[in-house]
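>>> Need a 3D model of the following:
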Amino acid sequence: MAIKTIWLVRSGLAVSMGAAALCLAILPLRQSSAAAASGLHPGPMSRAEAFARAETLTALGRKLFSDTSLSASGLQACASCHDPLHGFGPASAAPVEMGGDHMDRPGLRAVPTLRYLQAVPAFTEHYYDSEDEGDESVDNGPTGGLTWDGRVDHGADQAKIPLLSPFEMGNTDAAEVAAKLRKAPYAADIRAAFGPTVFDNPEDTFDAAAEALATFEQSGPDFYPYSSRYDAFLAGKATLTAEELRGRQLFEDPAKGNCSSCHLSEPANDGEPPLFSDFGFLGLAAPRNMAIPANNDPSYYDLGLCGPERTDLTAHQEYCGLFRTPTLRNVALKKSFFHNGYFHRLRDVVAFYATRDSDPGRWYPKNSDGTIRRYDDLPQAYWDNLNQDPPFGRKPGDAPALTDPEIDDIVAFLGTLTDADLQPEASGH
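Here you go, the predicted structure:
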């Protein structure tokens, strides 16, 4: 199982900086024939050498992450959208961020956090969980991969997306990024980390930058501190209030919130803290967000797994409308929710879950004849893909799955998932 392998490495070798950073430091980049011949990438290393290399790449990646000169506009860095002071998510409440050559190109999806991604398994259409009640025959369906649609498996590949996206950092190709890196004030650091010939081939330069970014984005203290009050509670070092405890119970109750069926809240069998995601894909039918310019085109739909950003699964209609389940760690700090950033209050998100089907008029617009345009951001042909497990699956007029006080309790519990460094007293917010 991919998650278990990563955790074992992290626990055994790289507690201070993270398993993925160590693995990235040990494993060579994808090599062109020229790069392989030049000895650009390291071969097998001792533990001490691996740690040293991980530290080197982490420090280099940190510089890349905050460098606005790598964008076409000269104004945007990775940190512009993935703000370290906001859990490596966006600081703004805008549903999408602006980018491109002149910072006037809107994105298509809300920016996700980069924290707690170190154990996301590679994407598969058929995930069999060896820890699923001892039954490895249970097919959990599409699982894993990075981004909202899981279209890349590795941090280095994910790091390349914004660098080349026309509505993000806006570079035309790897050569354009490489030219900027050659002139960067840390160019000597790139040579020191990847060898004197790293700038000879633009693709090698681009790969080196992506690998450094990926290593930084897997560094433990920055990206998975596990320092929330809930972590302390699980370790027996903190208490939860009565409201938070009720919220936890509702969060885990399969007949009520049922949140933990996808946002796993219990430690793993080896004692590792929960990541509050099973990395699976669900159709939730968030209301169409007309604040996203692309949605002004009535023929445009963001269908997640089956496109348009992901192109290899467009023939799979059973995947249309499905997006990857994000972690809920630091969710109380978020200013926009779901892939389209429709909601701006955590309480509204929980209330939507509780009443999406029992009170659809609360969330969806009305047609000219007064009928409710239910599930308005998903063509009806794909409605069978929507999750109907509790708290969903009720009929209009039914009692909601959660009362208002119960919603408040769940929101209170979710507030315990905020990392210590992001607490107001720690960050100065």
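>>> mind listing what Asp83 touches?
Residues counted as contacts of Asp83 (CB atoms under 8 Å, 6 or more residues apart in numbering) are 89-91. From N, CA and C alone the C-beta is placed, and that goes for glycine too.
>>> Which strand residues bridge it?
Gly89 (DSSP bridges).
>>> From Ala420, how far out is it?
17 Å (CB to CB, to the nearest Å).
>>> Same check on Leu164?
Distance from Leu164 to Ala420, by CB to CB: 35 Å.
>>> Same check on Gly61?
If you measure Gly61 against Ala420 using CB to CB, the figure is 23 Å.
>>> Which one's more surrounded, those two?
The residue with more neighbours, out of Gly61 and Ala420, is Gly61; 26 against 15, by other CB atoms under 10 Å.
>>> tell me what the helix ranked longest in the chain is packed against?
Counting by DSSP state H, the longest helix found in the chain is helix 47-65. In this structure, helix 47-65 packs against helix 19-26, helix 78-81, helix 187-194, helix 202-216, with contacts taken as 3 or more CB pairs under 8 Å, 6 or more residues apart in numbering; DSSP states H and E.
>>> again, only this time at 10 Å
helix 2-13, helix 19-26, helix 78-81, helix 155-164, helix 187-194, helix 202-216, helix 220-223 (3 or more CB pairs under 10 Å, 6 or more residues apart in numbering; DSSP states H and E).
>>> any idea which of those scores lowest on pLDDT?
Here the lowest mean pLDDT among the helices and strands packed on helix 47-65 goes to helix 2-13, at a mean of 30.
>>> circling back to that earlier point, looking at the contacts of Asp83, which is nearest Thr172?
Among the contacts of Asp83, Pro90 lies closest to Thr172 (CB to CB), at 25.0 Å.
>>> neighbours around the closest one, how many?
23.
>>> Next one: the closest residue to it other than its chain neighbours from Phe123, what distance?
Once flanking residues are discounted, Pro90 sits nearest to Val111: 4.5 Å by CB to CB, 6 or more residues apart in numbering. Per CB to CB, Val111 is found 20 Å from Phe123.
>>> Pretty sure Pro396 sits against Tyr364.
No. In this structure, Pro396 is not within contact of Tyr364 by CB atoms under 10 Å, at 11.1 Å.
>>> and for the two, which residues touch both?
Counting by CB atoms under 10 Å, 6 or more residues apart in numbering, the residues touching both Pro396 and Tyr364 are 372, 374.
>>> So those two - more neighbours on which side?
Just comparing Pro396 and Tyr364: by other CB under 10 Å the higher neighbour count belongs to Tyr364, 18 against 12.
>>> who does the helix or strand in which Phe352 is found touch, helix- and strand-wise?
Counting by DSSP states H and E, the element that carries Phe352 is helix 346-355. On a contact count with 3+ CB pairs under 10 Å, 6+ apart, helix 346-355 meets helix 242-252, helix 404-414.
>>> Quick one: mean pLDDT for the first one?
When you say that, I think you mean helix 242-252. pLDDT averaged over helix 242-252 gives 98.
>>> The last one too?
The predicted model assigns helix 404-414 a mean pLDDT of 98.
>>> From the centre of this protein, point out the most distant residue.
Asp369 (39.6 Å; CA atoms, centre = their mean).
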